[in-house]
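Visitor: What shape does this take:
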Amino acid sequence: MKELSALMGYRESIKVLDATLRDGGLCNDFYFKDEFVKALYRSNLRAGVDYMEVGYRADKTMFDTDKFGKWKFSSDEDILDVIGENKDTGLKLSIMADVGRCNYKEDIRPKSESPIDLIRVATYVHTIPECCAMINDAKKKGYEVSCNIMAISNAGEKDVRCALDMIFQTDVDCIYIVDSFGSLYPEQIQRISALYKEYADKYGKSVGIHAHNNQQMAFANTIEAIGDGVDWIDATYLGMGRGAGNCSMENVIGFLRNPKYNMYPVIKFIEEYMEPLKEEGVKWGYDIQYLLSGLFNQHPRDAIRFTSENRKDLSNFYKEITAQDF
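Guide: Below you'll find the model as predicted:
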């Protein structure tokens, strides 16, 4: 079978995760209709997607539940009500838990009491100790666990190495390369993948990739990472995600050429749900303001504000983010 798969040009170890509800939720404050969520779930099933991220598990004492849709909190009850138990399918469900923004000891129940399969812990380099505690807690509760180290483009190699060594010594299954600001290029991804793989191979773990599209590099960086041996791939339908968005599911499914994945349900969902979402006024995707924030390795918050204010003065925005006058 390995010889056949190699001949056909696909790697069986690759896993595709749909992050549309979670990263896409940052575009509309997680106000997705139940019909949308159910249809997305069915599309992922039919497309052969391996994991579906159904949102954050945010702390309700920290975030106003009246200002966000339910997928900001993605309670087990809401998941069961909208999606169901998801038993005996090829699709696993996941949530993201941010270090410092999730009451994980109380809000993440044992796996035996939850429809969730995978907990995705999100951390920065300076919050690694608490991240490790969250990973170990989730593992003890019976979950698969991955970790997203965010904003690595702003971290030094020594700090990243220290973080990788600490996290891979936990029971984590996978650590993600996360291009939070969409500032990285394929040649950088190649070097970063080699660094992550060095530690992953040492501890017998996996590496993933979560790319943002500020410089229209999300797909290029993703396929570079795949070629470098990265196995866990994040994508969203029509690239929906914060600011410039993410690597698109349709690109990933088309590229992998694995017969387990089916493109038609992806295209059908985009036609019936994603395009109408854009027509309703939900904004995401590449634009010059996001190019600039990525180019200068900055958080996209200012570019997002520029977009929400319907500004068109791109040259002034350039001056603002570079602190230069011309």
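Visitor: can you pull out the strands in the stretch 1-150 of the chain?
Guide: For the stretch 1-150 of the chain, the strands defined by DSSP state E, counting those that start in this stretch cover 15-18, 51-56, 92-98, 118-123, 144-149.
Visitor: Counting by contacts, list what the second one packs against.
Guide: Applying 3 or more Cβ pairs under 8 Å, 6 or more residues apart in numbering; DSSP states H and E, we find strand 51-56 packed against strand 15-18, helix 20-28, helix 34-47, strand 92-98. To be clear about C-beta, it is placed using only N, CA and C from the backbone, and glycine gets the same treatment.
Visitor: Take those and write them to TSV, including distance to Val207 and mean neighbour count.
Guide: Converted to TSV, those look like this (distance: least, Cβ to Cβ, whole Å; neighbours: other Cβ atoms under 10 Å):
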stretch	distance to Val207	mean neighbour count
strand 15-18	11	24
helix 20-28	19	24
helix 34-47	22	19
strand 92-98	17	23
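Visitor: do you know which of the ones you listed lies nearest Ala323?
Guide: Evaluated with Cβ to Cβ, the helices and strands packed on strand 51-56 place helix 20-28 nearest to Ala323, the distance being 26.5 Å.
Visitor: The closest one to strand 118-123, inter-axis angle?
Guide: Orientation of helix 20-28 against strand 118-123 (axes from the mean of the first three to the mean of the last three Cα atoms, to 10 degrees) gives an angle of 40 degrees.
Visitor: now the strands of the stretch 1-150 of the chain in a markdown table, with distance to Ile189 and mean pLDDT?
Guide: Shown next, in a markdown table, are these (distance: least, Cβ to Cβ, whole Å; pLDDT from 0 to 100):
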| stretch | distance to Ile189 | mean pLDDT |
| --- | --- | --- |
| strand 15-18 | 18 | 98 |
| strand 51-56 | 21 | 98 |
| strand 92-98 | 22 | 98 |
| strand 118-123 | 19 | 98 |
| strand 144-149 | 14 | 98 |
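Visitor: For Tyr264, find the nearest of those.
Guide: Closest among these, using Cβ to Cβ: strand 15-18, at 15.6 Å.
Visitor: mind listing what the closest one pairs with, with the direction of each?
Guide: The pairing partners recorded for strand 15-18 under DSSP bridges are strand 51-56 (parallel), strand 232-235 (parallel).
Visitor: I'd like to check what contacts the first one. Which residues are they?
Guide: Read it as strand 51-56. 15-23, 25, 30, 37, 40-41, 44, 70-74, 79, 83, 91-98, 101-102, 116-118, 120 (Cβ atoms under 8 Å, 6 or more residues apart in numbering).
Visitor: Now find how far off-centre the longest helix seen in the chain is within its chain.
Guide: Longest helix in the chain, counting residues (DSSP state H): helix 186-203. On the basis of Cα atoms, centre = their mean, to the nearest Å, helix 186-203 sits 18 Å off its chain's mean C-alpha point.
Visitor: Adjust the sequence numbering to begin at 55 for everything that follows.
Guide: Yep, numbering from 55; the last one is helix 240-257 now.
Visitor: Show me where the stretch 205-354 of the chain has its helices.
Guide: 211-222, 240-257, 272-281, 303-310, 317-323, 329-333, 342-349 (DSSP state H, counting those that start in this stretch).
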